[in-house]
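S.K.: What follows is a predicted structure for the sequence shown.
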There are 2 protein chains.
Amino acid sequence: MFDILRQHIENITSSTLSEEEALIIKNAFVQKSLRRRQFLLHEGTICKYMAFVTRGALRIYSIDDKGNEHIVRFALEGWWICDRESFSQLTPSQYNIDAIEDCDLLVSTNEQLNQMKQLSPTYMKFTSILDERHYAATHRRIQAYISYTGEERLRDLMNTYPQFLLRLPQNMIASYLGLTPETLSRVRKQLMEK
Amino acid sequence: MFDILRQHIENITSSTLSEEEALIIKNAFVQKSLRRRQFLLHEGTICKYMAFVTRGALRIYSIDDKGNEHIVRFALEGWWICDRESFSQLTPSQYNIDAIEDCDLLVSTNEQLNQMKQLSPTYMKFTSILDERHYAATHRRIQAYISYTGEERLRDLMNTYPQFLLRLPQNMIASYLGLTPETLSRVRKQLMEK
DNA sequence: CGATTTTTTGAATCATATCAACGTACGTGG
DNA sequence: CCACGTACGTTGATATGATTCAAAAAATCG
């Protein structure tokens, strides 16, 4: 399992980890499994873990005043998931993270991650790349929300993450796109006909 | 002018800057003025400056495929403005920044800021607080966009930044709230009547 | 297999956009 | 300093995208 993470870090940073560095990183993570519908984070609690997904799928979502769920992002194999704000500031989270499918994760805590940044320059580089990407992705998502109709957002999703459509339930895709399940169903149909 | 920035940094960090540290920071910035409608950043260019506003008002906005402007944020006195992604990654920006009113700014470059972080622990602390706040504010804005109607977003704006409504033109407020000027005009009227 | 969840379909309704017209303000050159 | 032109804000009529509620159909799970 750790090999997937190691590969991932080496890919992102275009570096090769020394055995020493790899060991430091390996020791900073522990393996954790979740069954479908189990939670990694509950709203109102502090997000203790940063998780790397080696198998399965998760989602992070909030619940608004009207009781509607809003999925912020998904995480599949090779992705990271946590509520950054809660994780680094130790504040109660407004989000929930749960498993859409049975998952295997490698998780680490804020202290371990900070320590690792001190010990491994490659890991330091890795996190700064990840931060930037995360920031950019968030912005792209705001833009999509602001500028496009449901149909356009669906088309965009089909180009960017086609695997979502095959793998994740329709109602969750709808929430991610900011639509009701009914509307997504109709928009899909329209798009098929073209 | 620099006194405003110094005050600001001391407030945010709850620290007092030594004269030495204050001098380091002072030397990292240069004064820059903009007339109404002048640009600090043009779409497609790299965002060279991080700007602290000592007088005036600016906005950062994108233009979508259909030619519509979308204002992402405003910056008034005591606020910072730049496109973080372009600034730190040196990539062409998708945003424009221009002056809504005549402005006085203190601007610095990425190299100067990085150097400053090395030299001044207080400044280092300052930027990390700012990063977190910025990140949190961005998220709050996404949430508002996703969960609330135009009227609710306007009401929220009236609570959070009432000064915007007094100072900034209606059509820009509309763009910031994700509404057309016509809709904002009607929503305002409705809200007045209550 | 049956029970539950998810997806689809239909009809009515709502929020907001669009287009067009009109009134107002305002800053800029003569 | 006034008058003009442009930009801004309001209002009305109509159109569109998406929601809501209800119910049937299909898929999935245990």
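M.R.: Arrived safely, thanks for sending. Residues are numbered from 1 along each chain as shown, chains lettered A, B, ... in the order given.

S.K.: neighbours around the closest residue to A:Ile63 other than its chain neighbours, how many?
M.R.: For A:Ile63, ignoring the flanking residues on the chain, the nearest one in space by CB to CB, 6 or more residues apart in numbering or on different chains is A:Glu69 at 5.6 Å. Placement of C-beta: from N, CA and C, glycine included. Number of residues near A:Glu69 (other CB atoms under 10 Å in any protein chain shown) recorded here: 13.

S.K.: Tell me who's in contact with A:Glu69.
M.R.: Residues near A:Glu69 by CB atoms under 8 Å, 6 or more residues apart in numbering or on different chains: A:61-63, A:175.

S.K.: likewise A:Thr45?
M.R.: A:92-93.

S.K.: pLDDT score assigned to it?
M.R.: If you check A:Thr45, the pLDDT there is 97.

S.K.: show me what contacts A:Asn110?
M.R.: A:48, A:50, A:87-88, A:90.

S.K.: Can you select the buried ones from those in PyMOL?
M.R.: Entered in PyMOL, the line below selects the buried ones among the contacts of A:Asn110, by 16 or more other CB atoms under 10 Å in any protein chain shown:
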select buried, chain A and resi 50+87+88
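
S.K.: Is it possible to get JSON lines of the contacts of A:Asn110 that adds distance to chain B, pLDDT and secondary structure?
M.R.: Shown next, in JSON lines, are those (distance: CB to the nearest CB, whole Å; pLDDT from 0 to 100; DSSP: H, G, I helix; E, B strand; the rest coil):
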{"residue": "A:Lys48", "distance to chain B": "18", "pLDDT": "97", "secondary structure": "coil"}
{"residue": "A:Met50", "distance to chain B": "15", "pLDDT": "97", "secondary structure": "strand"}
{"residue": "A:Phe87", "distance to chain B": "11", "pLDDT": "94", "secondary structure": "helix"}
{"residue": "A:Ser88", "distance to chain B": "7", "pLDDT": "89", "secondary structure": "helix"}
{"residue": "A:Leu90", "distance to chain B": "11", "pLDDT": "94", "secondary structure": "coil"}
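
S.K.: now the contacts of A:Asn110 as JSON lines including distance to A:Leu165?
M.R.: Below are these laid out as JSON lines (distance: CB to CB, whole Å):
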{"residue": "A:Lys48", "distance to A:Leu165": "32"}
{"residue": "A:Met50", "distance to A:Leu165": "27"}
{"residue": "A:Phe87", "distance to A:Leu165": "29"}
{"residue": "A:Ser88", "distance to A:Leu165": "32"}
{"residue": "A:Leu90", "distance to A:Leu165": "37"}
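
S.K.: Which of the contacts of A:Asn110 sits closest to B:Gly44?
M.R.: Using CB to CB, A:Ser88 comes nearest to B:Gly44 of the contacts of A:Asn110, at 32.9 Å.

S.K.: could you measure the closest one against B:Gln118, distance?
M.R.: Going from A:Ser88 to B:Gln118 by CB to CB, to the nearest Å gives 21 Å.

S.K.: now do A:Met116
M.R.: Separation of A:Met116 from B:Gln118 (CB to CB): 21 Å.

S.K.: out of these two, which sits in the busier spot?
M.R.: Comparing A:Met116 with B:Gln118 by other CB under 10 Å, the one with more neighbours is A:Met116, at 21 against 10.

S.K.: For chain A, which residues are neighbours of DNA strand D?
M.R.: A:36, A:149-151, A:178-180, A:182-183, A:186-187 (CB under 7 Å from any atom of the strand).

S.K.: From the chain's centroid, how far away is the longest helix that chain A contains?
M.R.: Scanning chain A for the longest helix, with DSSP state H as the assignment, gives helix A:121-147. On the basis of CA atoms, centre = their mean, to the nearest Å, helix A:121-147 sits 11 Å off its chain's mean C-alpha point.

S.K.: Please see if the lowest-mean-pLDDT helix or strand in chain A touches DNA strand C.
M.R.: Within chain A, no helix or strand scores below helix A:121-147, which has a mean of 84 by mean pLDDT, DSSP states H and E. No - if you take CB under 7 Å from any atom of the strand as the test, helix A:121-147 misses DNA strand C, and the best it gets is 9.6 Å.

S.K.: relative to helix B:121-147, how tilted is that helix?
M.R.: Using axes from the mean of the first three to the mean of the last three CA atoms, to 10 degrees, the direction of helix A:121-147 lies 40 degrees away from that of helix B:121-147.

S.K.: Following the chain onward from helix A:121-147, which element is next?
M.R.: helix A:150-160 (DSSP states H and E).
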